[in-house]
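> Quick one, fold the following:
(2 chains)
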Amino acid sequence: MSPTSETAKGGRRLVIVESPAKAKTIKGYLGPGYVVEASVGHIRDLPNGAAEVPAKYKGESWARLGVNVEKDFQPIYVVNHDKKDQVKKLKELLAESDELFLATDEDREGEAIAWHLQEVLKPKVPVRRMVFHEITKDAIQAAVASPRELNKKLVDAQETRRILDRLYGYEVSPVLWKKVMPRLSAGRVQSVATRLVVERERERIAFRSAEYWDLTGIFDTGRPGDNSDPSTLTARLASVDGKRVAQGRDFGSNGRLKDAAQVLHLDEANARALAAALADASFAVRSVESKPYRRSPYAPFRTTTLQQEASRKLGFGAKATMQVAQKLYENGFITYMRTDSTTLSDTAVNAARAQVTQLYGANYLPEKPRTYAGKVKNAQEAHEAIRPSGDRFRTPAETGLSGDQFRLYELIWKRTVASQMKDATGNSVTVRIAGRASDGRDAEFTASGKTITFHGFMKAYVEGADDPNAELDDRERRLPQVTEGDPLAAREITADGHATKPPARYTEASLVKELEEREIGRPSTYASIIGTILDRGYVFKKGTALVPSFLSFAVVNLLEKHFGRLVDYDFTASMEEDLDRIARGEAQAVPWLRRFYFGEGTEGAAGGAAEAGNGDGDHLGGLKELVTDLGAIDAREVSSFPVGEGIVLRVGRYGPYVERGEKDSEGHQRADVPDDLAPDELTVEYAEELLAKPSGDFELGTDPGTGHQIVAKDGRYGPYVTEILPEGTPKTGKNAVKPRTASLFKSMSLDTVTLEDALKLMELPRTVGTDAEGVEITAQNGRYGPYLKKGTDSRSLETEEQLFTITLDEALAIYAQPKQRGRAAAKPPLKELGTDPVSERPVVVKDGRFGPYVTDGETNATLRRDDDVETITPERGYELLAEKRAKGPAKKTAKKAAAKKAPAKKTAAKKTAAKKTAAKKTTTAKKTTAAKKTTAAKTTAKKTTAKKVAAAAESAAE
DNA sequence: CAGTGAGCGAGCTTCCGCTTGACTT
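Next comes the predicted model:
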């Protein structure tokens, strides 16, 4: 039955797909009678935070998780805030339809979206599940003609995955807040990604370079050369007296030969001596070996390979690639860009083959279409490979595109066309040349070449290489046509020194490749994984390299030591296997989750759940147990790394620093480590340098009055100047002398402040005079800015300059005015919300330390994230107050009372934050390149935010 | 991570995967 005959019956069908662009295309294939609309991804999810948890669950201990861990891990689902309108639209469309087709992607997530749609839309008309893997008219019409049922087991597998990720992320992250720094995060994917980067850096730190030498000879055939037969060839020394000369690959990461007996390690002296001994030797061709060469085209693009190639060839980051691809997709130039499949539809194969013939000739077209087996182990293959759309590919010139879109399209087009072309063939040749040195040793040189006789797919496309020195596939290297026994003259023999290099750092593209190989992450998330670990400050970019921060060393260290099972590289792969079993009905979700969360030995535990080892034998502790008792996690230990010579690097709540000796002991030293220092660059020497001259100090000179040195520093509350007291000045005890200090004015900055400024600032507080009763009035600079102080009576000043200029008369005039209460108190409420129905008091919105809040004069409640001062309704205000009253006043435990002291400081920190960021930016800019600057500024900005919060959080790391 | 003066009370951070705009810079 065709769609049109159905329409004739007058039925109207609603088809829901995931992507609006897809909806648009499909609409054209289905014709009238079908309404096609998109869900625009997932429509429901677990609540994000407390604000999204429905009121009836608010009091539950597990509400924070959004999963009832006490009752079979029942999830709470809420319609995503940004999907409310879309859901409403879908409901309206459904009301006018006689049949519903859930046409979401055919993978785990797509099945779940379909199920959520069904749950939310509550259709009263027949519901069908329809699936297709390619968007062609035939495929769509076939799909609509043969719908199936919703696969609830697959939905279960998705839900299990979702719950595991939530439990992992929301249980482990708080451990990091307590033990390392607030706002950090851990997750199944990001933590392993971070660990990979850290582990690579550890290898680099442990790496010991090896030096080795060899010889390069330029040999002459004695014939005049031409393009196909050059007259010289360059060959490298391969062996001496039959013993192979050591090359880079013969050395281990410890700088030693892997097998010293098998190879000859030449040092500089030996190499030079051999070169000299070969200076007058005569050489001849010992052998010529020729082998056929053959290379097959690369598979069409999937998400990861597109990201890698766009990085290598176009210099795009993963995010940029996806953004450009999205535009191409939306405008109908390419197929869907988030895919793990390399399969081309028949339509696409035909289009590619037609284009091969047309552009390169039939000679380049293989007899049969090429197919590419899926390389990706957990591929869900819901989509095609990434290719030009349509049944006839537009050449790049025909698209009318320009800029990045043009370049990315061209890349995709070439790769797709090349994937349906013939192999490249040719010959690879190895020539061995021998000569006898004056000391009698036999030296053998080798040279290898490659000629391509038929370029095949290389006519259209050659893959890029990560290593700039690597040879591309299509590079020819011609050797002279020589045969065994031909005499050769050595024109030049030189000794060359080499050093082994540490393993290269990951780039965005190579990390994504690694993650894909380990089955971690999905096409839709690869780019955002990079974004997450950058945002958290776990890694930063140096050129294209991803460099782990010291912070990430501390985090990974903690996770490896205490959550080893969770950051095991095979955790996700093992989880995937289990999820597949759940999807097949061979395992059940609840026992599996129970085992993960509560551990082994709980009743009904299913076998096999992601148990890759912490090496703790039989007992498999559940996640719950691990996050409950944190006593075993020594915050100081996990964030300490020995540098050498008694110096330790520590990751504190304010960032990394180096330290020598115990705090408050003789000879204790401490210095900040720059945020953008690569861990493998922290040597003992550099640490000594940092300790000798603490970073952030600007020496301004000597105070002529006291002889004390004056420095400008960047402190907890912003930039300030202070004096350095001479050695031996008691810092503690009753004779303690405290150095004079003063905050910089807002108009000053750390790197421009002068000694003169500093001395003037340190004169503060200034005595302005005394009032009629003889009480002294002083002018000071405090945490709320400049102010006057008379006994306990203080008054704010308008400008910092007034601290120096205000006269006694002016001060007295200010005191003659009634005291202005604080700014907030003096300010009228932001908004009035009428009278609260419960307390019958007037409700107003005020601005406070923690942002806007509603109050009836008795109960206060902070506005939630989704509330807005402008739009808040009186009803919402009463609701917030009612919630707050229900919750009761905060318990005044010892811990809370202690924490209470901190917020007072926070306001000051907030105030100086902007100044501070600006100051740091400029100082950093001096030392770094433009590229670094952005990273540094970003890190600084983030760090400042972290500082604010850190002030309020309980201190643990130090 | 210096050390000062007042106001008013905490609440939230965090995961992975599906999708696009709606925002600002």
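> Any residues of the stretch 51-200 of chain A in contact with DNA strand B? List them.
A:51, A:64, A:82, A:105, A:107-109, A:113, A:162, A:165-166, A:168-170, A:173-174, A:177, A:182-191 (C-beta under 7 Å from any atom of the strand). (Each C-beta comes from the backbone N, C-alpha and C, glycine too.)
> Residue of the stretch 501-650 of chain A closest to DNA strand B, please.
At 2.9 Å from DNA strand B, residue A:522 is the closest residue in the stretch 501-650 of chain A, using C-beta to the nearest atom of the strand.
> Let me see the domain layout of chain A.
Here chain A is described, according to automatic domain parsing, as comprising the domains A:3-43+A:80-150, A:161-206+A:506-574+A:594-628, A:211-296+A:425-499, A:303-422, A:639-692, A:831-887, A:895-957.
> which residues does the residue of the stretch 501-650 of chain A closest to DNA strand B contact?
A:109, A:338, A:340 (C-beta atoms under 8 Å, 6 or more residues apart in numbering).
> helix or strand for the first one, which one?
Looking back up the chat, that one is residue A:109. Assessed by DSSP states H and E, residue A:109 sits inside helix A:108-121.
> quick check, residue A:834 in a strand?
Yes. Under DSSP: H, G, I helix; E, B strand; the rest coil, residue A:834 sits within a strand.
> What is the burial count for it?
13 (other C-beta atoms under 10 Å).
> Contact partners for it?
Residue A:834 neighbours (C-beta under 8 Å, 6+ apart): A:842-843, A:874.
> Among those residues, name the buried ones.
Neighbour-count burial (16 or more other C-beta atoms under 10 Å) is assigned, among the contacts of residue A:834, to A:843, A:874.
> Sort out which of the contacts of residue A:834 are in strands and list them.
Secondary structure from DSSP state E places A:842-843 of the contacts of residue A:834 in strands.
> Now do the SS call for the residue of the stretch 501-650 of chain A closest to DNA strand B.
State at residue A:522, reduced to three classes by three-state DSSP: coil.
> If any of the contacts of residue A:522 are buried, put those into a PyMOL selection.
If you want just the buried ones from the contacts of residue A:522 in PyMOL, going by 16+ other C-beta under 10 Å, the selection is:
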select buried, chain A and resi 109+338+340
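> of the contacts of residue A:522, closest to residue A:260?
Comparing these against residue A:260 with C-beta to C-beta places residue A:340 closest, at 45.0 Å.
> got the contact list for that closest one?
A:302-304, A:374, A:376, A:378-381, A:516, A:522-523.
> Same check on residue A:667?
Neighbour list for residue A:667: A:660-661 [criterion: C-beta under 8 Å, 6+ apart].
> how near is it to residue A:157?
Distance, residue A:667 to residue A:157, by C-beta to C-beta, to the nearest Å: 60 Å.
> coming back round to it: residues making contact with the helix or strand following the helix holding residue A:109?
Of the helices and strands lying after helix A:108-121 in sequence (DSSP H and E), the nearest is strand A:127-129. Strand A:127-129 is contacted from outside by A:99-103, A:114, A:118, A:147-151, using C-beta under 8 Å, 6+ apart.
> Could you tell me which of those residues count as buried?
Buried members of these, scored by 16+ other C-beta under 10 Å, are A:99-103, A:114, A:118, A:147, A:150-151.
> Where strands are concerned, which of these count?
Short answer: the buried ones among the contacts of strand A:127-129 in strands (DSSP E) are A:99-102.
> Report the two of those separated the most.
A:99 and A:102 (10.9 Å).
> Give the rounded mean pLDDT of the helix or strand encompassing residue A:885.
According to DSSP H and E, residue A:885 maps onto helix A:874-887. Across helix A:874-887, pLDDT averages out at 77.
> Stretch A:477-490 too?
For stretch A:477-490, the per-residue pLDDT averages 95.
> start to end distance for it?
20 Å (C-alpha to C-alpha, to the nearest Å).
> Likewise for stretch A:727-737?
12 Å.
> What's the mean pLDDT across it?
69.
> Am I right that residue A:115 is in contact with residue A:152?
Yes. Counting by C-beta atoms under 8 Å, residue A:115 touches residue A:152, with 7.2 Å between them.
> Among those two, which residue is more densely surrounded?
Shown here are residue A:115 and residue A:152; by other C-beta under 10 Å, residue A:115 has more neighbours (22 against 12).
> From residue A:690, how far off is the more buried one?
Look at residue A:115 and residue A:690: by C-beta to C-beta, they are 57 Å apart.
> Equivalent analysis for residue A:340, please.
46 Å.
> Buried residues in the helix or strand containing residue A:212, which are they?
For residue A:212, the element it lies in under DSSP H and E is strand A:211-220. By 16+ other C-beta under 10 Å, the buried positions in strand A:211-220 come out as A:212-215, A:217, A:219-220.
> And stretch A:80-96, by the same measure?
Within stretch A:80-96, the residues that qualify as buried by neighbour count (16+ other C-beta under 10 Å) are A:80, A:83, A:86-87, A:90, A:93-94.
> picking up where we left off before, for the helix holding residue A:885, name the packing helices and strands.
If contacts are counted by 3 or more C-beta pairs under 8 Å, 6 or more residues apart in numbering; DSSP states H and E, helix A:874-887 sits against strand A:831-835, strand A:842-848, strand A:851-855, strand A:860-862.
> hmm, back to that, could you export the contacts of residue A:522 as a markdown table, including distance to residue A:645 and pLDDT?
Formatted as a markdown table, those follow (distance: C-beta to C-beta, whole Å; pLDDT from 0 to 100):
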| residue | distance to residue A:645 | pLDDT |
| --- | --- | --- |
| A:109 | 53 | 97 |
| A:338 | 50 | 97 |
| A:340 | 50 | 95 |
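> thought residue A:117 was touching residue A:39?
Yes. Here residue A:117 reaches residue A:39: they are 6.1 Å apart, a contact under C-beta under 8 Å.
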